[in-house]
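Colleague: Sharing a model prediction with you, sequence too.
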Amino acid sequence: MHLQRLLTNHRALAFVVLLVALTGATGQPDAAEATESAPSGDPSSASWTWPVEGAREVTEPFRAPSHEYGPGHRGIDIAAPVGSRVNAPTDGVVAFRGVVVDRPLLTIDHGEGVVTTFEPMSSTLTPGSVVSAGDQIGTVATGGHSPAGDLHLGVRWNDVYINPLLMFGEVPRAILLPCCE
C-alpha cells in the first residue's frame, strides 16, 4: 500500500513538472512567480547599486506571502545606522514622499512596472523629482516595523512584491532535489 501511494505521488509530481514545462509562464506574475524572477526575467542581468554604504547586511529577509493578503515580509531590512545616507539603486522618478501610519517613507517609480519603497527614511525630495542611480534620496530614520538602525526596502513589479535581492543579482537559482527516496 505504501509503495503504491509513493508511486502515485511520483507520477503526480512528474505530471505537474511536465505541465509547467509545457505551458511556461506568461502574463503578469503571481506571488510565487514573482519571487523567482526579476523584471528582466534574469536576475543576473540586474544592475542596481546597493542603497547604503558599508557591508551588505540583510537583517530580515524577504518572505513571499502565499496569497495577496497573506502574512509575509514584502521586502528586506538592511542594517543601516539612523542618519545614514540612502542612495537611489537605479534611475527613477519620486512617486510619493510622506508618513504612512508611523513611518516616513519614499516611493520611486523606475518604469516598466518596477516601484521601490524605502522606510523609515527622511527625504526632502518631492513627487516628480527625477533621481539617478547613486543620487542621495534621503537618510535612515526611525519608525515602522523595523528596529532603529534598519532600512526596509520593498520592490514591486506590476503590483506584485518581489525579492529585492533579485535586482542586485544576489539570489541564487533554486535547485529542485528528489522528493522521496
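Modeller: Now that the structure is in, tell me what you want to look at.
Colleague: rest of the way, CA atoms for contacts and neighbours
Modeller: Noted.
Colleague: Could I get the full set of helices for this structure?
Modeller: 2-23, 31-34 (DSSP state H).
Colleague: State the mean pLDDT of the last one.
Modeller: Yep, that's helix 31-34 we're talking about. Per-region confidence: helix 31-34 scores 43 on mean pLDDT.
Colleague: same check, this time on the longest one
Modeller: For helix 2-23, the mean per-residue pLDDT is 39.
Colleague: Make sure residue 156 is actually in contact with residue 116.
Modeller: Yes - between residue 156 and residue 116 there is a contact at 6.4 Å, judged by CA atoms under 8 Å.
Colleague: quick one: low-confidence parts of the chain?
Modeller: 1-46, 170-173, 181 (pLDDT under 70).
Colleague: and if we set it to 50?
Modeller: 1-38, 41-44 (pLDDT under 50).
Colleague: Show me the strands in it, by range?
Modeller: For the chain, strands defined by DSSP state E occupy the ranges 58-60, 76-79, 85-87, 92-100, 103-111, 114-119, 121-122, 130-131, 136-140, 150-157, 160-162.
Colleague: In TSV: those strands, plus distance to residue 52.
Modeller: Shown next, in TSV, are those (distance: least, CA to CA, whole Å):
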stretch	distance to residue 52
strand 58-60	11
strand 76-79	8
strand 85-87	5
strand 92-100	17
strand 103-111	15
strand 114-119	11
strand 121-122	12
strand 130-131	16
strand 136-140	9
strand 150-157	9
strand 160-162	20
